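Engineer: Sequence and predicted structure, then a few things I'm wondering about:
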Amino acid sequence: MELILALGIGVLAGSGVWLILRPRTFQVIIGLSLLSYAVNLFILGMGRIRVGAAPILAAPGSGDPAQFADPLPQALVLTAIVISFATTALFLVVLLASRGLTGTDHVDGREPEP
Amino acid sequence: MSRLADHLIIAPIVLPFFAGALMLALGGERRRNVNAALNVAVTFSLAAISIVLLRTADGASGVTLVYRLGDWPAPIAIVLVLDRLAALMLLLTGLLGSAAVVFSLARWHRVGVLFHPLFQFLLMGINGAFLTGDLFNLFVFFEVLLAASYGLAMHGSGSARVTAGLHYIAVNLAASLLFLIGVSLIYGVAGTLNMADLAARIPAMQGEDRALLQAGAGVLGVAFLVKAGMWPLCFWLPATYGAAPPPVAAIFAVLTKVGVYIVLRLWLLLFGGGSEAAFQFGSEFLLAGGIATIAFGAIGSLATQDMARLAAYSVLVSSGTVLASIGMGQAGVTAAALFYLFSSTLGLAAFFLLVELVERGREPGADVLAVTREFYGEEEELEESGEVGIAIPATMGILGMAFVGCALVISGLPPLSGFIAKFALLTAALNPPGGGVPMAAWVLLPALILSGLAALIAMTRAGIRALWASPDRSVPRVRLIEIAPVAALLLICALQTIQAGPVLRFMQATAQSLHVPHDYIRDVLGATEERPPRRVGPT
């Protein structure tokens, strides 16, 4: 379980970083999306990996907290997903505006000299 | 204190939030005049509220006011914390916001859509970042202010702005992801996101846990230093700030200081002078990075031919100076750095506004032409200005005076506040309380003086070229509401000079409580016990 999660985060983050460093705006936006997936999985992992445990205590004093999963990282990840989704959408609009204004999809707004 | 005054802490966040939402609900662009009136009213009242909060925070023994959202005690739920530093930054934001919004009324709010709502959301994000006492909540407010700043940076469109905005967004999205990695790493190790609780738990951490915590703090630090513009994380800044519309650039001057503020707050709380020597880390990095930023900014300001970019490079110098001073790790130096932060931010904002007024009367690309002219030496220009006593139009006189004022504040020459700030900084650095001048002070000294010289040369050259030597300029049309904010900002710098004693005393009290954060931690975590028993509510 740990190995799969670690490999997943690593592959996503590695691909994301590589794509961010590419010169085309579309590659950058896909790279940022992959990176944000990696970060979301990482946040979830920081709450310790538990399978089949309920996240919230049912009532006060209804048992040992160690039997339950930590609910906070799940709340954090939800917020992070919403925010990264919204900012990616905003970036997409800017990407299209830049394409329309400059006529190229290079991140610098002009094609490099051949 | 009355109940109403207790709730004043949350007003700097709630007020712009509702104002922004109301503007959109009223019909956004179709009611621009209503929006503008609302924007002016709310921004000015924010400045007034921040003055009240500052007086409260500077009360008898320097209280730390804690506002518990939902009335849950501190480590469980999010709290807002108001101390001297937060109140100071709120005041700075309020002043810059008021100047920028008045300036924008002349014409800039008409060049694009939804200027006023975005401006309010930006203020909400900035104020929230200053007030929050929780790491993840800080992330949320950072995203609010960044999302609004993306829109404002590209206000007015145009390919230069959109290309610079594209880089700005990409860099900041990547930095936000680093922020999340740092926050979650810290949570995974320490099990808390409350800043005060975190500081209280750090001494108990040993071995691997502490290494992981420092790794998390380092990653988090990179995210803030991108915003603060520390070299080598600052290459996005000059292009974005240079291309942003002037009123937006003026309020962006405080945006870099948000990053600086977080470094001040978190680093001093977690790893600074308050904790034992074994827990300190990162001061050499801050010092070296700050000095490198000063050098980069100074060289950049000498090299650039464009006045807006000159202002942007001066922002870097200002950031670098404060960061390097924090890295010295002495309360006296931090106090002077806070004085410098306040005065330089005001001066820079005034300069960003002034640049547009001065540039207005010139043909586009005049700066580049001027360089060619100097290089090839056009003799004819000199002869036609040979007549004695050309009448200088009053507008040019006022612009020139304001330019001189900005140059004095930014380069740190007497008689304005920039000089007192740098003087206090060097005095504190060369006279540490224990005696014996540290090596770091000998590095900071030439960096400060040489950066001041570089700023002076760059600004003098730009001023002469723009105001005296351009042969083909017409007198710009400048309206009163455009020059008034510039004059007001410079006037505040002058006031800061006259009242330097009380202001420095305030900064010293601020720096003391930052370097000895026990009171802060006690106030935030102990807020539960001190309060009267809770009134009975639904359970």
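Structural biologist: Nice, I can see it.
Engineer: Grab the nearest non-local neighbour of residue A:86.
Structural biologist: Distances taken as C-beta to C-beta, 6 or more residues apart in numbering or on different chains place residue B:147 nearest to residue A:86, at 7.2 Å, with adjacent residues excluded. Yep, even glycine has a C-beta here, placed from its N, CA and C like the rest.
Engineer: burial of the one you found, as a residue count?
Structural biologist: 19 (other C-beta atoms under 10 Å in any protein chain shown).
Engineer: For the residue most central in space within chain A, give its distance to chain B.
Structural biologist: Nearest residue to the geometric centre of chain A (C-alpha atoms, centre = their mean): residue A:36, 1.6 Å. Residue A:36 sits 6 Å away from chain B, going by C-beta to the nearest C-beta, to the nearest Å.
Engineer: Give me the mean pLDDT for the helix or strand that residue falls within.
Structural biologist: Taking DSSP states H and E as the definition, residue A:36 sits inside helix A:25-46. Helix A:25-46 carries an average pLDDT of 91.
Engineer: Which strands or helices does the helix or strand just after that helix pack on?
Structural biologist: Per DSSP H and E, the first helix or strand lying C-terminal to helix A:25-46 is helix A:71-102. Where contact means 3 or more C-beta pairs under 8 Å, 6 or more residues apart in numbering or on different chains; DSSP states H and E, helix A:71-102 is packed against helix A:25-46, helix B:135-153, helix B:159-190.
Engineer: Any idea how far the helix holding residue A:36 is from the middle of the chain?
Structural biologist: Distance of helix A:25-46 from its chain centroid, counting by C-alpha atoms, centre = their mean, to the nearest Å, is 3 Å.
Engineer: One more: stretch B:72-89?
Structural biologist: On C-alpha atoms, centre = their mean, the centre of stretch B:72-89 falls 20 Å from that of its chain.
Engineer: any idea of the mean pLDDT in that stretch?
Structural biologist: For stretch B:72-89, the per-residue pLDDT averages 83.
Engineer: With just CA atoms, put it into PDB.
Structural biologist: Output of stretch B:72-89 as PDB, limited to C-alpha atoms (Å, rounded to 0.1, in the frame of the first residue of the first chain):
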ATOM      1  CA  TRP B  72     -14.000  27.000  19.700                       C
ATOM      2  CA  PRO B  73     -10.800  27.100  21.700                       C
ATOM      3  CA  ALA B  74      -7.500  27.700  19.900                       C
ATOM      4  CA  PRO B  75      -5.800  24.400  18.900                       C
ATOM      5  CA  ILE B  76      -9.100  22.800  17.800                       C
ATOM      6  CA  ALA B  77     -10.500  25.500  15.500                       C
ATOM      7  CA  ILE B  78      -9.100  28.500  13.500                       C
ATOM      8  CA  VAL B  79      -8.400  31.700  15.400                       C
ATOM      9  CA  LEU B  80      -7.700  35.200  14.200                       C
ATOM     10  CA  VAL B  81      -4.800  36.800  16.100                       C
ATOM     11  CA  LEU B  82      -4.100  40.600  16.300                       C
ATOM     12  CA  ASP B  83      -0.800  41.800  17.700                       C
ATOM     13  CA  ARG B  84       1.300  44.800  16.900                       C
ATOM     14  CA  LEU B  85       2.800  43.400  13.700                       C
ATOM     15  CA  ALA B  86      -0.500  42.300  12.300                       C
ATOM     16  CA  ALA B  87      -2.000  45.700  13.100                       C
ATOM     17  CA  LEU B  88       0.900  47.500  11.500                       C
ATOM     18  CA  MET B  89       0.600  45.500   8.300                       C
END
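Engineer: For that stretch, could you pull out the residues that count as buried?
Structural biologist: B:73-75, B:78-89 (16 or more other C-beta atoms under 10 Å in any protein chain shown).
Engineer: Please apply the same query to stretch B:403-414.
Structural biologist: Buried, per 16+ other C-beta under 10 Å, within stretch B:403-414: B:403-413.
Engineer: Need the contact partners of it.
Structural biologist: B:314, B:318, B:343-344, B:346-348, B:350-351, B:354, B:358, B:415-419, B:421-422, B:448, B:452-453, B:455-456, B:459-460, B:463, B:466-467, B:490, B:493 (C-beta atoms under 8 Å, 6 or more residues apart in numbering or on different chains).
Engineer: Among these, name the buried ones.
Structural biologist: Buried residues within these, counting neighbours by 16+ other C-beta under 10 Å: B:314, B:318, B:343-344, B:346-348, B:350-351, B:354, B:358, B:416-419, B:421-422, B:448, B:452, B:455-456, B:459, B:463, B:466-467, B:490, B:493.
Engineer: Against chain A, which of those residues make the cut? List them.
Structural biologist: With C-beta under 8 Å from any C-beta of the partner chain as the criterion, those include none near chain A.
Engineer: Sitting in helices, which of those do you find?
Structural biologist: Counting by DSSP state H, those place B:314, B:318, B:343-344, B:346-348, B:350-351, B:354, B:358, B:417-419, B:421-422, B:448, B:452, B:455-456, B:459, B:463, B:490, B:493 in helices.
Engineer: what's residue 31 in contact with, if anything?
Structural biologist: As the question left the chain open, I've gone with chain A. Listed by C-beta under 8 Å, 6+ apart, the contact set of residue A:31 reads A:15-22.
Engineer: and the next element down the chain from the helix-or-strand element of chain B with minimal mean pLDDT?
Structural biologist: Within chain B, no helix or strand scores below helix B:380-384, which has a mean of 45 by mean pLDDT, DSSP states H and E. Moving toward the C-terminus from helix B:380-384, the next helix or strand (DSSP H and E) is helix B:394-411.
Engineer: measure stretch B:185-202 end to end?
Structural biologist: Chord length of stretch B:185-202, first to last residue, is 14 Å (C-alpha to C-alpha, to the nearest Å).
Engineer: which outside residues touch it?
Structural biologist: Residues from elsewhere that reach stretch B:185-202 (C-beta under 8 Å, 6+ apart): A:45-48, A:72-73, A:76, B:74-75, B:79, B:81, B:133-137, B:183, B:205, B:209-210, B:212-213, B:215-217, B:219-220, B:265-266, B:269-270, B:274-275, B:279, B:517, B:520-521, B:524-525.
Engineer: Distance from the worst-scoring helix or strand of chain A on mean pLDDT to the middle of the chain?
Structural biologist: Ranked by mean pLDDT, DSSP H and E, the weakest helix or strand in chain A is helix A:71-102, scoring a mean of 88. Its chain's average C-alpha position is 10 Å from that of helix A:71-102, according to C-alpha atoms, centre = their mean.
Engineer: got the angle between it and helix A:25-46?
Structural biologist: Helix A:71-102 and helix A:25-46 meet at an angle of 170 degrees, taking axes from the mean of the first three to the mean of the last three C-alpha atoms, to 10 degrees as the criterion.
Engineer: between helix A:71-102 and helix B:159-190, how big is the angle?
Structural biologist: 170 degrees.
Engineer: got the buried residues for helix A:71-102?
Structural biologist: Within helix A:71-102, the residues that count as buried by 16+ other C-beta under 10 Å are A:72-73, A:76-77, A:79-80, A:83-84, A:87-88, A:90-91, A:94-95, A:97-99, A:101-102.
Engineer: State the distance from the residue of the stretch 1-150 of chain B found nearest chain A to residue B:248.
Structural biologist: Residue of the stretch 1-150 of chain B nearest chain A, by C-beta to the nearest C-beta: residue B:143 (4.9 Å). Look at residue B:143 and residue B:248: by C-beta to C-beta, to the nearest Å, they are 18 Å apart.
Engineer: So which of these two has more stuff around it?
Structural biologist: residue B:248 (27 against 22).
Engineer: Mind telling me what element the more buried one is part of?
Structural biologist: Residue B:248 belongs to helix B:246-262, assigned by DSSP H and E.
Engineer: how far out from the middle of the chain is that helix?
Structural biologist: 4 Å.
Engineer: coming back round to it: for the residue nearest to the centre of chain A, which residues are in contact?
Structural biologist: Residues near residue A:36 by C-beta under 8 Å, 6+ apart: A:16, A:80-81, A:84, A:88, B:177.
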